[in-house]
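**Student:** Give me the fold of what follows.
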Amino acid sequence: MSSENSLTEEEAHHKAVCSRLTLQSKKEGFFRQLADTLASNVDFATFLKCNSDLERFKIVATCCWDQINAELIFRGKNAEVAVQKRLEGNKYFENSDFRKALLSYCQSLVQAPVGPEIISAYTNRSALLYVMGEYQACIDDVELAISYGSPEQSKHRLYERMTSCYISLKNYIKAKVTARVAKHLAEKHDPTNTKFFKKMEKHSAAIEKGSTKPKDATSSTEGTKTNSSGPLEIISKGFTPGKVFTNASEKFNVDYSPDFGRYAVSTAKIGPGELLLKERPFACCLDMEKMGSHCSNCLIRFKVPIPCETCTHVAFCSRKCRKEAESYHQYECKVMALLMGSGMSPTAYLALRIITQSSLDKFKEIFPDLQNDPSKVIRDENGKYDPSSYFNIYNLGAMEHDRTPVDFYERTLMAVFLVKCLRINQYFQINLFKTPKPTQDEFLIGSLILRNLQVLQFNAYAITEFMMESRTSYPKSTTASVGIAIYPTASYFNHSCAPEVTRYFVGSTMYIQTIKGLDANKPIHDNYGPMFTKVERAQRLKSLKGRWWFNCFCIACKEDWPLLKTLPTEFDPSKKEEKKALKRLMALDQKYFDDGMKAMELGSPVAAIEFFKLYVEEAEAILRFLPKANFTPYKNLLLAYEGIKLCLCSVGSVFITAE
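**Tutor:** Got it, this is the predicted structure:
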């Protein structure tokens, strides 16, 4: 690890710029100007003597509190716009322009206040979804329209629509129930509508016929969040959780050294393609730019958003996610515009989310027992590592001893701003007029936010979505960030520019799998961004030192491995054993590597992974005793690693742009 004193002026400047971007990532935000303006208020001589985040927060909060004007900047619902968009959707629907109709109905729902207009919008959208064949989404909208108080006189039509959807989904048990309700309501409110009753008779006949058939394995009662659950289950088969680290494989452990801190290590031989970790985040946040396309709770891309009932900023993929989000969104809802206007980074948003998803009383209870020991992994009374415990977030590395006074000040000021946002949203449950100055509870939470801002700078992960033009277009595929999260167990993977593992996501759940073979008792490395195959050594070192504050000593950096595109494909080895090894490798290229590439071209990631795994196992065995041969690193072996990585990504959260 590099200390500030060992950096050149250029390196120190680059480090400061990178660090600032983890606080404010948007140029147009007001926070950076606020920090520059209020710096003169702070007694830095006293600030430098602080030994804890609580002391730092008290000093900055005390002298800057009144100058930070956090106010409710709230963009509420607009019934007039909601009506306009719904009527617009009706016209598109009538003209069979379903895509534009769906967009208009969704925009109507975002603006619709709870009441008659939201009922109309959900009712109309459900009709469109039925025509589009989105039966589960149609059912969800019908249930929402009913839950908001759909008129009794027309409710039978909604239950009929739901019945038709259940028949299409071959869920005859639920279809029978909704058909019974539809018929009962029609008899009460629309008894002369013979056309409706004939339709219900047809439904009853379909239900009777379907109920007597053998159960269809393809029938569905719930919408799926990913269309790749089959392949995902196949490639993660055989995963056995560890007894201590329950989100990780039994072959995973954490070790410690003064030079590298705590780091992931193998406890047994691991083959390529093995699942090492499956972990839900301790906390996660959607990128603010993605709030119109992804669920703010689970981060899945939605087809049909379920908006927040109060604000117009966030939406969810389901009522379940909206319900789960209530615990934290109540403290963010009415300041979303203010948070966006500050230009704050996703890291700062996540630092806030860690607080809002839990109660003040909970933090007050655990605060005296929080500890920061960089050599220790905290375990519970049963000897297990608890990834749901804030203790294990607080105890992650924060590099506090390498921070400059300016960096500490700006992070502390961000913590003060976020505490004031919590205050006006009644997180602290205090009378704002009678308590104008910060309270002890606010000092406590502010110190935790400050700690979060430090920890997340080095331990948060970008949650990504795999972007493909089609299921076979791997060469043109990319990954796009959709959010940010903190994963307690995954945080123990150190970096290498030539890693042994790759990671991918299903929603906000992280999967980490090997792309190489690994012996027992060896460090397991992830990659934090720059890969030796694509980025030259000098640029990698600059990036890692500026963003992550360490010098990289991985084998690719120590030996200055060339970029993938510059690796030769023809060789003339002089030694007999090298000639023999090269001949075996070239035979493997034809035996497994080519088949793996063909499987990718056909859009068969599971088959491709199996071919690449066989290739990697045999190629690594050949090269194990020839590390200095003039054909290492071997280009096709690197391409096989990349092939496993791309195929794994394609069974996670994928967006097919052509669709």
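**Student:** In contact with Arg157, which residues?
**Tutor:** Contact partners of Arg157, counting by C-beta atoms under 8 Å, 6 or more residues apart in numbering, are Ala182, Phe196. Where C-beta positions appear, they are placed from N, C-alpha and C, glycine not excepted.
**Student:** From the chain's centroid, how far away is the helix or strand hosting it?
**Tutor:** Using DSSP states H and E, Arg157 sits in helix 155-168. Relative to its chain's centre, helix 155-168 lies at 35 Å (C-alpha atoms, centre = their mean, to the nearest Å).
**Student:** all helices of the stretch 251-400 of the chain, in order?
**Tutor:** 319-329, 336-342, 346-356, 360-366, 391-394 (DSSP state H, counting those that start in this stretch).
**Student:** Hmm, I typed the wrong one, I wanted the stretch 51-200 of the chain.
**Tutor:** Using DSSP H, counting those that start in this stretch, the helices of the stretch 51-200 of the chain run over 53-64, 79-94, 98-111, 116-131, 135-147, 155-168, 172-189, 194-212.
**Student:** Turn those helices into CSV, including mean pLDDT and distance to Ser345.
**Tutor:** Shown next, in CSV, are the helices of the stretch 51-200 of the chain (pLDDT from 0 to 100; distance: least, C-beta to C-beta, whole Å):
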stretch, mean pLDDT, distance to Ser345
helix 53-64, 97, 19
helix 79-94, 98, 31
helix 98-111, 97, 25
helix 116-131, 98, 34
helix 135-147, 97, 34
helix 155-168, 98, 42
helix 172-189, 97, 45
helix 194-212, 95, 53
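**Student:** For Ile355, find the nearest of these.
**Tutor:** helix 53-64 (13.1 Å; C-beta to C-beta).
**Student:** if we look at that closest one, which residues are touching it?
**Tutor:** By C-beta under 8 Å, 6+ apart, helix 53-64 touches 38, 41-43, 46-47, 50, 408-409, 412-413, 415-416, 419, 438, 442-444, 446-448, 450-451, 454.
**Student:** buried ones in it?
**Tutor:** Within helix 53-64, the residues scored as buried using 16 or more other C-beta atoms under 10 Å are Asp53, Leu54, Arg56, Phe57, Lys58, Ile59, Val60, Ala61, Thr62, Cys63, Cys64.
**Student:** Which residues are in contact with the spatially closest residue to the fourth one that is not a sequence neighbour?
**Tutor:** Counting by C-beta to C-beta, 6 or more residues apart in numbering, Gly446 is the residue found nearest to Phe57 once chain neighbours are left out, at 4.1 Å. Shown in contact with Gly446 (C-beta under 8 Å, 6+ apart): Phe57, Ala61, Ala415, Val416, Leu418, Val419, Pro438.
**Student:** tilt between the helix holding Arg157 and helix 172-189?
**Tutor:** Helix 155-168 runs at 160 degrees relative to helix 172-189, counting by axes from the mean of the first three to the mean of the last three C-alpha atoms, to 10 degrees.
**Student:** Next, the angle from helix 155-168 to helix 194-212.
**Tutor:** 30 degrees.
**Student:** about what we covered before: what distance do you get for the residue nearest to Phe57 to Gly29?
**Tutor:** Relative to Gly29, Gly446 is positioned 20 Å away (C-beta to C-beta, to the nearest Å).
**Student:** One more: Pro272?
**Tutor:** For Pro272 relative to Gly29 (C-beta to C-beta), the value is 44 Å.
**Student:** go on, Ala39?
**Tutor:** Distance from Ala39 to Gly29, by C-beta to C-beta: 17 Å.
**Student:** More neighbours: which of the two?
**Tutor:** Applying other C-beta atoms under 10 Å to Ala39 and Gly29 shows that Gly29 carries more neighbours, namely 18 against 14.
**Student:** so where does the more buried one fall, helix or strand?
**Tutor:** Per DSSP H and E, there is no helix or strand for Gly29.
**Student:** what's it in contact with, if anything?
**Tutor:** Gly29 sits next to Gly341, Ser342, Gly343, Met344 when contact means C-beta under 8 Å, 6+ apart.
**Student:** likewise Glu577?
**Tutor:** Residues near Glu577 by C-beta under 8 Å, 6+ apart: Leu626.
**Student:** That one is in what secondary structure piece?
**Tutor:** Per DSSP H and E, Glu577 falls inside helix 576-588.
**Student:** Pull out the buried positions in that helix.
**Tutor:** Applying a neighbour-count criterion of 16+ other C-beta under 10 Å, one finds Glu578, Ala581, Leu582, Leu585, Leu588 buried in helix 576-588.
**Student:** likewise stretch 261-276?
**Tutor:** Buried residues in stretch 261-276 (16+ other C-beta under 10 Å): Gly261, Arg262, Tyr263, Ala264, Val265, Ser266, Ile270, Pro272, Gly273, Glu274, Leu275, Leu276.
**Student:** Grab the nearest non-local neighbour of the fifth one.
**Tutor:** For Val265, ignoring the flanking residues on the chain, the nearest one in space by C-beta to C-beta, 6+ apart is Asp255 at 4.5 Å.
**Student:** Just give me the neighbour total for that neighbour.
**Tutor:** 15.
**Student:** cool, and Phe31?
**Tutor:** For Phe31, using other C-beta under 10 Å, the count is 21.
**Student:** Equivalent analysis for the one 4 residues further on, please.
**Tutor:** Other residues near Ala35 come to 21 when the count uses other C-beta under 10 Å.
**Student:** now what about the helix or strand where it lies, what contacts it?
**Tutor:** Assigned by DSSP H and E, Ala35 belongs to helix 31-38. Identification of contacts with helix 31-38 by C-beta under 8 Å, 6+ apart yields 20, 23-24, 64, 67-68, 342-344, 409-410, 413-414, 417.
**Student:** Can you say which of these are buried?
**Tutor:** Using 16+ other C-beta under 10 Å as the burial test, the contacts of helix 31-38 include 20, 23-24, 64, 68, 342-344, 409-410, 413-414, 417 as buried.
**Student:** ok, now which ones touch the closest residue to Ser650 other than its chain neighbours?
**Tutor:** Among residues not flanking Ser650 along the chain, Pro605 sits closest, at 4.9 Å (C-beta to C-beta, 6+ apart). By C-beta under 8 Å, 6+ apart, the contact list for Pro605 reads Pro231, Ala599, Leu646, Cys647, Leu648, Ser650, Val651.
**Student:** cutoff 10 Å now
**Tutor:** With C-beta atoms under 10 Å, 6 or more residues apart in numbering as the criterion, the residues that contact Pro605 are 228, 231, 234-235, 471, 474, 599, 643-644, 646-651.
**Student:** shouldn't Ala485 be in contact with Pro387?
**Tutor:** No - Ala485 lies out of contact with Pro387 (C-beta atoms under 10 Å); the separation is 12.0 Å.
**Student:** coming back round to it: what angle do the one helix or strand the residue nearest to Phe57 maps to and helix 346-356 make?
**Tutor:** Under the criterion DSSP H and E, the helix or strand holding Gly446 is helix 440-459. Per the same axes, to 10 degrees, the angle that helix 440-459 makes with helix 346-356 is 140 degrees.
**Student:** for the record, mean pLDDT for the following helix or strand past helix 440-459?
**Tutor:** Using DSSP H and E, the helix or strand that follows helix 440-459 in sequence is strand 460-468. Mean per-residue pLDDT for strand 460-468: 97.
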